[in-house]
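In: need coordinates for the following:
(one chain, ligands or ions: 2)
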Amino acid sequence: MSSKILVLPGDGIGVEVADQTIRVIEKLNEQGLDAIYEKDLVGGASYDVNGEPLTEAVLEKAKNSDAILLGAVGGSKWDDVERSKRPEAGLLGLRKELELFANLRPALVFDALVDASTLKNDVVNNLDIMIVRELTGGVYFGQPRGIEDTSNGKKAIDTQVYHDYEIDRIARVAFDLASKRNNKVTSVEKANVMETGVLWREVVKETHKDFSYITLENMLADNCAMQLVRNPKQFDVIVTDNLFGDLLSDCAAMLTGSLGMLPSASLGAEKNGKRYGLFEPVHGSAPDIAGQDKANPIATILSLSMMLKYNLNKPELSNKVENAVQQILSEGYRTGDIYTDETQTLVSCSKMGDLIIERI
Ligand code: IPM
Ligand code: MN
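Out: Residues are numbered from 1 along each chain as shown. Ligands and ions are numbered 1, 2, ... in the order given. Below is the predicted model:
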């Protein structure tokens with residue numbers, strides 16, 4: 001049976017990078033993928049047409065597909081829209097409704113790109129770390145929240161909440177990934193000041209008993225931010241909560257030279273033999289360069305590669321895509337965000353798509 005992929009390009013450069021990735025799907029279909037895809041709206045693009053960033057109909061389609069590919073959401077155009085209808089609410093809604101609790105964000109430095117990093121070559125060369133971010137809990141979803149009037153002026157509240165089962169299941173994902181990598185997990189929280197940090201550390205320690213062959217280290221989040229730029233190669237898998245994971249993964253992404261290179265996978269719990277998966281680049285919608293055919297489509301194309309590996313069970317096609325990306329970079333082709341000197345060839349988003357497709 002064909003796999004069903006729902007493509008949600010979203011806003012800004014999301015549209016361009018999703019278009020190039022669709023072309024990759026078509027190419028892979030000639031090589032045994034057997035996928036059908038359908039495009040629909042999410043984020044600001046959906047708000048403009050439907051008055052909401054995620055419609056029931058799209059959510060239903062998402063539930064009926066085998067995997068979702070998302071471009072990016074957001075842009076200053078929607079700054080004045082109320083929070084529940086802003087583009088980001090569409091993405092958060094998908095994560096919550098599909099219970100996509102595990103967000104895998106690899107930070108991998110390609111040989112050919114080591115000079116695109118702002119860090120010294122020997123700090124980042126051969127870097128390969130995986131950040132596992134909890135994605136459906138914590139302060140992004142905790143209640144109560146809101147802004148209220150008080151006798152003392154306005155008051156804003158966000159609430160950080162974690163249940164033990166949420167920590168246990170994300171820790172299992174991290175230990176499991178580490179067992180296929182370098183057998184080390186760094187669990188990151190603020191147990192020195194936060195109750196959720198204390199519980200986080202306790203639960204991870206307990207879960208670790210099932211994975212005693214993995215080295216477990218605990219690290220405070222502020223220290224982790226510092227260690228990521230000081231000596232990132234000390235890490236293998238980092239597991240952390242929603243907020244810290246959001247921050248630390250942007251930081252780790254930049255070690256690799258450009259946010260334009262980094263894919264991500266958001267995986268759900270296994271239910272009835274099915275596990276929802278949403279695949280998206282780590283970068284945002286970059287309104288400043290949107291519509292100019294300048295964006296780097298590689299992060300989205302590599303997100304498709306993660307989909308092939310984690311959701312559609314096509315590891316050989318996943319490798320093909322990764323190899324094509326490696327090849328194109330070693331041949332010196334670069335979009336603007338990773339262009340560093342005149343020995344390289346500066347190409348557009350669509351040209352980068354052409355070049356990768358030719359090599360698959
Ligand atoms: C990300 C993004 C989102 C987040 C936004 C767009 C809601 O920054 O995926 O990291 O904060 O999770
Ligand atoms: Mn983010």
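
In: where does the protein have low pLDDT?
Out: By pLDDT under 70, the low-scoring segments of the chain are 272.

In: so Gln31 sits right up against Leu317, yeah?
Out: Yes: with contact defined as C-beta atoms under 8 Å, Gln31 reaches Leu317; the gap is 6.8 Å. Just so you know, the C-beta spots here come from the backbone N, C-alpha and C atoms, and that holds for glycine as well.

In: more neighbours: which of these two?
Out: Leu317 (22 against 12; other C-beta atoms under 10 Å).

In: and whichever strand or helix holds that one, what's buried?
Out: In this assignment (DSSP states H and E), Leu317 forms part of helix 315-330. Neighbour-count burial for helix 315-330 flags 317-318, 320-322, 324-325, 327-329 (criterion: 16 or more other C-beta atoms under 10 Å).

In: export only the CA atoms of it, formatted as PDB.
Out: C-alpha atoms of helix 315-330 as PDB (Å, rounded to 0.1, in the frame of the first residue of the first chain):
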ATOM      1  CA  PRO A 315      16.600   3.300   5.300                       C
ATOM      2  CA  GLU A 316      18.200   2.800   1.900                       C
ATOM      3  CA  LEU A 317      16.300   5.700   0.400                       C
ATOM      4  CA  SER A 318      17.100   7.800   3.400                       C
ATOM      5  CA  ASN A 319      20.800   7.100   2.900                       C
ATOM      6  CA  LYS A 320      20.500   8.000  -0.800                       C
ATOM      7  CA  VAL A 321      19.200  11.400   0.100                       C
ATOM      8  CA  GLU A 322      21.900  12.000   2.700                       C
ATOM      9  CA  ASN A 323      24.600  11.000   0.200                       C
ATOM     10  CA  ALA A 324      23.200  13.300  -2.400                       C
ATOM     11  CA  VAL A 325      23.400  16.200   0.000                       C
ATOM     12  CA  GLN A 326      27.000  15.300   1.100                       C
ATOM     13  CA  GLN A 327      28.000  15.000  -2.600                       C
ATOM     14  CA  ILE A 328      26.500  18.400  -3.600                       C
ATOM     15  CA  LEU A 329      28.300  20.100  -0.700                       C
ATOM     16  CA  SER A 330      31.600  18.500  -1.500                       C
END
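
In: so what does it touch, helix or strand wise?
Out: Applying 3 or more C-beta pairs under 8 Å, 6 or more residues apart in numbering; DSSP states H and E, we find helix 315-330 packed against helix 14-29, helix 298-310, helix 349-358.

In: count of residues packed around the spatially closest residue to Gly332 that is not a sequence neighbour?
Out: Counting by C-beta to C-beta, 6 or more residues apart in numbering, Gln344 is the residue found nearest to Gly332 once chain neighbours are left out, at 4.7 Å. Look at Gln344: counted by other C-beta under 10 Å, it has 17 neighbours.

In: secondary structure element for the residue nearest the centre of the chain?
Out: The centroid of the chain falls nearest to Ser264 when counting by C-alpha atoms, centre = their mean (3.0 Å). Assessed by DSSP H and E, Ser264 sits inside strand 263-271.

In: hang on, the earlier thing: from ligand 1, how far out is the residue nearest to Gly332?
Out: From Gln344 across to ligand 1, the span is 29 Å (C-beta to the nearest ligand atom, to the nearest Å).

In: can you list phi and psi of that residue for me?
Out: In terms of degrees, to the nearest 10, the main-chain angles of Gln344 are phi -100, psi 160.

In: can you check the one 3 residues further on too?
Out: Backbone torsions of Val347, given as degrees, to the nearest 10, read phi -130, psi 160.

In: could you find the closest non-adjacent residue to it?
Out: Once flanking residues are discounted, Val347 sits nearest to Tyr333: 5.2 Å by C-beta to C-beta, 6+ apart.

In: list the contacts for that neighbour?
Out: Neighbour list for Tyr333: 344-345, 347, 351-352, 355 [criterion: C-beta atoms under 8 Å, 6 or more residues apart in numbering].

In: for it, list each beta-bridge partner.
Out: Note on Tyr333: beta-bridge partners by DSSP bridges are Thr345.

In: any idea how far it is from Ala225?
Out: Taking C-beta to C-beta, to the nearest Å as the measure, Tyr333 falls 33 Å from Ala225.

In: swap in Asp293?
Out: Asp293 is 35 Å from Ala225, by C-beta to C-beta.

In: for Ala253, see how far away the residue of the stretch 201-350 of the chain at minimum distance from ligand 1 is.
Out: Of the residues in the stretch 201-350 of the chain, the one nearest ligand 1 is Asp246, at a distance of 4.7 Å by C-beta to the nearest ligand atom. Asp246 sits 11 Å away from Ala253, going by C-beta to C-beta.

In: comparing these two, which residue is more hemmed in?
Out: More neighbours surround Ala253 than the other of Asp246 and Ala253, with 23 against 19 (other C-beta under 10 Å).

In: now do the helices in this structure.
Out: Secondary structure of the chain (DSSP state H): helices at 14-29, 44-50, 56-63, 87-97, 121-124, 164-179, 195-208, 221-230, 242-255, 298-310, 315-330, 349-358.

In: which strands or helices does the fifth one pack on?
Out: Counting contacts by 3+ C-beta pairs under 8 Å, 6+ apart, helix 121-124 is packed against no other helix or strand.

In: buried sites along it?
Out: Neighbour counts over helix 121-124 (16+ other C-beta under 10 Å) mark 123-124 as buried.

In: what are the contacting residues of that helix?
Out: Residues outside helix 121-124 that contact it (C-beta under 8 Å, 6+ apart) are 109, 114-115, 117, 231-233, 255-256.

In: which one of these has the most neighbours?
Out: Top of these by neighbour number is Thr256, holding 27 neighbours under the definition other C-beta under 10 Å.
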